[in-house]
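Q: Model the structure of this input:
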Amino acid sequence: MAAKEGYCVKCKAKKEMKDPQEITMKNGRPATQGICPDCGTKMFKIGK
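A: Residues are numbered from 1 along each chain as shown. Below you'll find the predicted structure:
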């Protein structure tokens with residue numbers, strides 16, 4: 001799986017997600033959920 005980039009709200013910067021997982025939201029749209037490698041906060045990116 002290719003590395004996914006997301007926005008960390010706590011660090012206020014774009015970073016590569018650690019352990020990215022492809023998920024489907026309740027409304028059926030695809031998303032990617034992961035963890036910030038620096039602070040450990042959940043990161044989220046809507047879309048593929």
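Q: just for the protein, where's the confidence low?
A: For the chain, applying pLDDT under 70 flags the ranges 1-2.
Q: can you list contacts of stretch 21-41?
A: For stretch 21-41, the surrounding residues in contact (C-beta atoms under 8 Å, 6 or more residues apart in numbering) are 4, 6, 8-11, 15-20, 42-48. C-beta coordinates here come from the backbone N, C-alpha and C atoms, glycine included.
Q: if you set the cut-off to 10 Å instead, what comes out?
A: Stretch 21-41 has contacts (C-beta atoms under 10 Å, 6 or more residues apart in numbering) with 1, 3-11, 13, 15-20, 42-48.
Q: Kindly write the ChimeraX command that selects the buried subset of the residues you listed.
A: Command for ChimeraX that selects the buried part of the contacts of stretch 21-41, burial taken from 16 or more other C-beta atoms under 10 Å:
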select :4,6,8,15,17,20,43,45
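Q: Can you list which of the contacts of stretch 21-41 are found in strands?
A: 5-8, 13, 15-16, 18-20, 42-46 (DSSP state E).
Q: now the residue nearest to residue 17 when sequence neighbours are not counted: how far from residue 6?
A: Using C-beta to C-beta, 6 or more residues apart in numbering and skipping residues adjacent in sequence, the residue nearest residue 17 is residue 34, 2.8 Å away. Using C-beta to C-beta, to the nearest Å, one gets 6 Å for the distance from residue 34 to residue 6.
Q: shared neighbours of the two, which are they?
A: Shared contacts of residue 34 and residue 6, defined by C-beta under 10 Å, 6+ apart, comprise 15, 16, 17, 20, 42, 43, 44, 45.
Q: can you give me phi and psi for the residue lying farthest from the centre of the chain?
A: Ranked by distance from the centre of the chain (C-alpha atoms, centre = their mean), the top residue is residue 27, with 17.8 Å. Dihedral pair for residue 27: phi -90, psi 0, per degrees, to the nearest 10.
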